[in-house]
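Trainee: take a look and give me a structure for this.
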Amino acid sequence: MNRMRKGKYGQAMTEYIIIVAIIALAALAVFGLFGDRIRAMIGGAVTDLGGDQSEVDTATETTSEDYLKTLGTDTY
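Mentor: Sure thing, here's the model as predicted:
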């Protein structure tokens, strides 16, 4: 009987891991689709809070697609 409980515990943990993985993939998809919009909104908030406009312009010029293309390159 004790063996049965351990099997169910492992099954529950596996289900939680699958759920977390699905949520993580969904979050990545949302950020991939709306990354440019989120960056623009954060840039607007920085400007409203008294930030430097030139840094906001630089950040919003780069699109998500460009950022993903240069993600693996070392630019030190």
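
Trainee: just checking, what packs against the lengthiest helix in the chain?
Mentor: Ranked by residue count, the top helix of the chain under DSSP state H comes out as helix 2-48. For helix 2-48, the elements it packs on are helix 53-61, helix 64-69, judged by 3 or more Cβ pairs under 8 Å, 6 or more residues apart in numbering; DSSP states H and E. Where C-beta positions appear, they are placed from N, C-alpha and C, glycine not excepted.

Trainee: what mean pLDDT does the shortest one have?
Mentor: Mean pLDDT, computed over helix 64-69, is 67.

Trainee: next one: the longest one
Mentor: When pLDDT is averaged along helix 53-61, the result is 66.

Trainee: next: stretch 11-25.
Mentor: For stretch 11-25, the mean pLDDT works out to 92.

Trainee: neighbouring contacts of that stretch?
Mentor: The set of residues external to stretch 11-25 that reach it, using Cβ atoms under 8 Å, 6 or more residues apart in numbering, is empty.

Trainee: hey, C-alpha coordinates of that stretch in CSV?
Mentor: Output of stretch 11-25 as CSV, limited to C-alpha atoms (Å, rounded to 0.1, in the frame of the first residue of the first chain):
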residue,chain,number,x,y,z
GLN,A,11,2.7,11.3,-10.7
ALA,A,12,1.4,14.6,-9.1
MET,A,13,4.9,16.1,-9.3
THR,A,14,5.2,15.2,-13.0
GLU,A,15,1.8,16.9,-13.6
TYR,A,16,2.9,20.0,-11.8
ILE,A,17,6.2,20.1,-13.9
ILE,A,18,4.2,19.8,-17.1
ILE,A,19,1.8,22.6,-16.0
VAL,A,20,4.8,24.9,-15.2
ALA,A,21,6.4,24.1,-18.5
ILE,A,22,3.2,25.0,-20.4
ILE,A,23,2.9,28.3,-18.5
ALA,A,24,6.5,29.1,-19.2
LEU,A,25,6.0,28.5,-23.0
